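Colleague: show me the folded form of this:
(chains A and B)
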Amino acid sequence: MATAWFCFLALMVALYVVLDGFDLGVGALHLLLARDGEEREQATAAIGPVWNGNEVWLIAGGGVLFLAFPRAYAAAFSGIYFGLIIVLWLLVGRGLALELRHQLDHPLWRGACDTVFCLSSAALALVFGVALGNVVRGVPLDAAGYFSLSLFHILNWYALLIGAFGVVVLACHGAAFLAFRAEGPLAGRARRATRILWWPQALLFVALIGPTYAVRHAMLDKLIDHPWTLVFPAVAVGALVSQPLLARAGRWLAAFLASGLFIVGLLTTMAAGLYPSVLPARQHRPHGLTVDNAAAGHHALLTALVWWPLGMALAAGYFFFAYRMFFASARRSALEGS
Amino acid sequence: MSSHVLVDRLQFAFTVTFHYLFPILTMGLAIFIAYLKTVSYLGREDRRFALLRRTAVEREDHEAAARFWAKIFAVNFAVGVVTGIPMEFQFGTNWASFSNYAGGVIGQTLAMEGVFAFFAESVFLGIFLAGRDRVSARVHWLSSLLVFAGSWLSGFFIIATDAWMQHPVAWDHGPHGQAQLNSFWGLLTNRWVGWQYAHNMSGAAITGAFVLAAMGALFLLTGRHERFARLSVRVGVVGALIFCALQIYPTGDRSAHNVAQMQPSAFAAMEGLFPTAKGAPLVIIGNPDTQARRLDSSLALPDFLSFLTSRNWNERLTGLNQIPTNQWPDSVPLVYYAYHIMVGLGTILALIAGLAVFLLWRGRLYRSRPMLWALMLAFPFTYIANIAGWTTAEAGRQPWVIYGLLHTRDAASPASSVPAGTGIFTLLGFCGLYLFVGILFLALMLRIVNQGPDDGALPTSPAAAAAGGG
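Modeller: Below you'll find the predicted structure:
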């Protein structure tokens, strides 16, 4: 049953990164792609109605980690204390800049909000990548199940590489979102950005296989030992390759979805390679937290198995409804404009 | 208490207090916005139900009022969300031992809040704010109801979590010595939950009602937006009286009864009761002196406390003298004053609401300048009362973080992971950031108030801008 919760957790993380990922990507590219007030308006309005709902997936994901693996929750969040508090501050800055920029119609105010929005989005993409990098690399857990990483140890070479990859992937994802959602010159620049950013994304994807093998070769072995799990990297590769093809065909919604699928492929590959570890120790070290020693009690996991899918089905319903509404009206206004 | 725990406590107390200022108003306004939208959507001139028997002009007024209050709601909600996320994560960052111990139980309620409340609230608020021209009137009305349901459900899961910390039930020991849930139903039906939830939500609704009344009073005193102002004052004062009454009885009465039964040390500290006594007095004012174990300058009603607690004038109540000092709350005066501030302000607010409704009934409220002044200035005290209530509950539970199970001093993250110095840095960071956020919030509020309800052009969020620009 703990395994089921491991899958749910991976699902929540993947959904969060896919959904809030395009918000962050749009933010990171905001100052580069959107050149004048009207375009910035367009870019922020495109994510305005949905970013808050997308961010809830982070809260719900944190909730699942707390619910199912409280030991891992306690160890991870206290161990990278500084990193996490910085994430919280950035989330405060990002959310406020986005939500409050429309409250005042003054170029200085809008400029300040746009800058905070852009910088905090880019920094969040980096820090989330760094956090995932540290999980893959493993953390120095002690016998009591805690660890402590100072800021510079959080920012180790491997984690920074994954962080850079995170920025590129999410920027590409955000550009793909704007490519299909925006209009006029903004859409044109976003489309060019997806084409340009695809190259570093693909290069880093291939280049990171080596370092990942170096910090945790069990990960690759595990995928090969259980050949069915190779479907996850296959999804990632397939989605990556199809992105420029779909873009060339002008199918921008499909290209955006492929970009999301690429992220899902990456994260599920990571989850499959880590299982059964929830929070692994460094390579060849003891005290790693796994689905067995970090899971909550039987009754808790069992009852949550009843209500959680129900809540997810409800949430999926809300999202389907809201996205259909926003995107339908975007298409309508696009038609009216042409 | 070692210093890193003290820093963790300060940081949590500060961030949670600041955060809660915003949900008080979102929860409090949500119920009134849902009411205004319901009247606007369902109202007809031939309805049998008096509240819904409305003319077209009245319905338009209710719609315009709902639109204005949604602007205030939206800014509050945004700040509430961004300051709320640090709360969930601080359980892990600063209170790792607590999370490790209790996550198997309270992980349920906290995750349910995300899954059942936040999704509904955030998605339907997006639709409510953006969708005026995009969805049908019915969907728009339903989304106001779902925002209300989502925000009040969110409150329930938080209270259920706190109730378990106040009165742990439905658990047993797990393999690593942590608490482990053994009855999901038992957790949700904890004896502590019901009255605390009702008391808390009624408190939030009081703030919503007084904010409505204050805005209306301001506009009446300055002679602006007459129709909107009258509607807000009317709905505000009637709502304030209803919820003030509920706040005192039954919710306040029953909550105090629960504390007396389940946390006698907290109850004795709240009431400033040192000697165990039959026919204990109800202290109205007085200053507790924990050294001398007595109240200075006190004014008390003899035997009233025993009567209120048990409906028996001679009931014997346990005083602090009978409880070992290591089981006293860390700060008896804090608990005592927080509780007396809450009760004192609550009483004054109930009187103001009662008088205002009386004047409304006599048809003199809109012209009574002293009363309008009082209404305009009363609303900040509802915030103080709400915060003082939470202070009573949380400081009263000390020295336990989970009553009877886990001491607060054992609940923080290990000092090796989060040393006191690191905690001080992040505490200062939160102070600076939240000071800035608070000033920004006030400036934006003043601006919305200044623009008033008639200006429909102001977009309240990117969503609304998208609707306008599309």
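
Colleague: tell me which helix or strand of chain B sits lowest on mean pLDDT?
Modeller: helix B:462-469 (a mean of 41; mean pLDDT, DSSP states H and E).

Colleague: how about the helices in the stretch 151-300 of chain A?
Modeller: Secondary structure of the stretch 151-300 of chain A by DSSP state H, counting those that start in this stretch: the helices cover A:151-154, A:157-181, A:184-207, A:209-215, A:217-225, A:231-248, A:252-274, A:298-337.

Colleague: show me what counts as buried in the last one.
Modeller: Of the residues in helix A:298-337, those buried under the neighbour-count criterion (16 or more other C-beta atoms under 10 Å in any protein chain shown) are A:299-301, A:303-304, A:308, A:311-312, A:315, A:318-319, A:321-322, A:325-326, A:329-330. The C-beta positions use only the backbone N, C-alpha and C, and glycine is treated the same way.

Colleague: what residue in the stretch 151-300 of chain B comes nearest to chain A?
Modeller: Nearest residue of the stretch 151-300 of chain B to chain A (C-beta to the nearest C-beta) works out as B:Gln180 at 3.3 Å.

Colleague: doesn't that residue fall inside a strand?
Modeller: Yes: judged by DSSP: H, G, I helix; E, B strand; the rest coil, B:Gln180 forms part of a strand.

Colleague: quick one: contacts for it?
Modeller: B:Gln180 makes contact with A:Ala296, A:Gly297, A:His299, A:Ala300, B:Gly104, B:Val105, B:Trp171, B:Asp172, B:His173, B:Gly174, according to C-beta atoms under 8 Å, 6 or more residues apart in numbering or on different chains.

Colleague: pLDDT wise, what is residue 287 at?
Modeller: Chain wasn't specified; assuming chain A. On the pLDDT scale, A:His287 is placed at 87.

Colleague: let's do chain B instead
Modeller: 90.

Colleague: neighbours of A:Ala176, just the number please.
Modeller: A:Ala176 is flanked by 31 other residues according to other C-beta atoms under 10 Å in any protein chain shown.

Colleague: so it is in contact with A:Thr194, correct?
Modeller: Yes: contact criterion C-beta atoms under 8 Å: A:Ala176 and A:Thr194 qualify, at 5.1 Å.

Colleague: overlap in contacts of these two?
Modeller: With C-beta under 8 Å, 6+ apart, A:Ala176 and A:Thr194 have common neighbours A:Gln243, A:Ala255, A:Ser259.

Colleague: which one of those is nearest A:Asn52?
Modeller: A:Ser259 (21.6 Å; C-beta to C-beta).

Colleague: quick one: neighbours of the closest one, just the number.
Modeller: 31.

Colleague: against B:Asn182, how distant is the closest residue to it other than its chain neighbours?
Modeller: Spatial nearest neighbour of A:Ser259, chain neighbours left out: A:Ala176 (4.3 Å); criterion: C-beta to C-beta, 6 or more residues apart in numbering or on different chains. Per C-beta to C-beta, to the nearest Å, A:Ala176 is found 48 Å from B:Asn182.

Colleague: ok, B:Leu365 next?
Modeller: 54 Å.

Colleague: repeat that for A:His284.
Modeller: A:His284 is 38 Å from B:Asn182, by C-beta to C-beta.

Colleague: give me the more crowded residue out of the two.
Modeller: B:Asn182 (16 against 7).

Colleague: thought that one was touching B:Asp172?
Modeller: Yes: with contact defined as C-beta under 8 Å, B:Asn182 counts as touching B:Asp172 (5.2 Å).

Colleague: doesn't B:Leu295 belong to a strand?
Modeller: Yes: according to three-state DSSP, B:Leu295 belongs to a strand.

Colleague: could you find the closest non-adjacent residue to it?
Modeller: Per C-beta to C-beta, 6+ apart, closest to B:Leu295 is B:Gly286, 3.9 Å.

Colleague: what about that neighbour, which SS state?
Modeller: B:Gly286 - assigned by three-state DSSP - is strand.

Colleague: find the closest residue to chain A in the stretch 251-400 of chain B.
Modeller: B:Trp400 (18.8 Å).

Colleague: now do the contacts for that residue.
Modeller: Here B:Trp400 is in contact with B:Leu406, B:His407, B:Thr408 (C-beta under 8 Å, 6+ apart).

Colleague: and which of those is nearest chain A?
Modeller: B:Leu406 (13.1 Å).

Colleague: where does pLDDT dip in the stretch 101-250 of chain A?
Modeller: Within the stretch 101-250 of chain A, no stretch has pLDDT under 70.

Colleague: ok, back up a step: make CSV from the contacts of B:Gln180 and add distance to B:Ala260 and pLDDT to it.
Modeller: Shown next, in CSV, are the contacts of B:Gln180 (distance: C-beta to C-beta, whole Å; pLDDT from 0 to 100):
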residue, distance to B:Ala260, pLDDT
A:Ala296, 33, 89
A:Gly297, 32, 88
A:His299, 31, 91
A:Ala300, 31, 91
B:Gly104, 30, 91
B:Val105, 25, 94
B:Trp171, 23, 91
B:Asp172, 27, 90
B:His173, 29, 89
B:Gly174, 32, 84
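
Colleague: can I get these in a markdown table including distance to B:Glu88?
Modeller: What follows is the contacts of B:Gln180, written out as a markdown table (distance: C-beta to C-beta, whole Å):
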| residue | distance to B:Glu88 |
| --- | --- |
| A:Ala296 | 17 |
| A:Gly297 | 21 |
| A:His299 | 23 |
| A:Ala300 | 18 |
| B:Gly104 | 17 |
| B:Val105 | 16 |
| B:Trp171 | 21 |
| B:Asp172 | 26 |
| B:His173 | 26 |
| B:Gly174 | 22 |
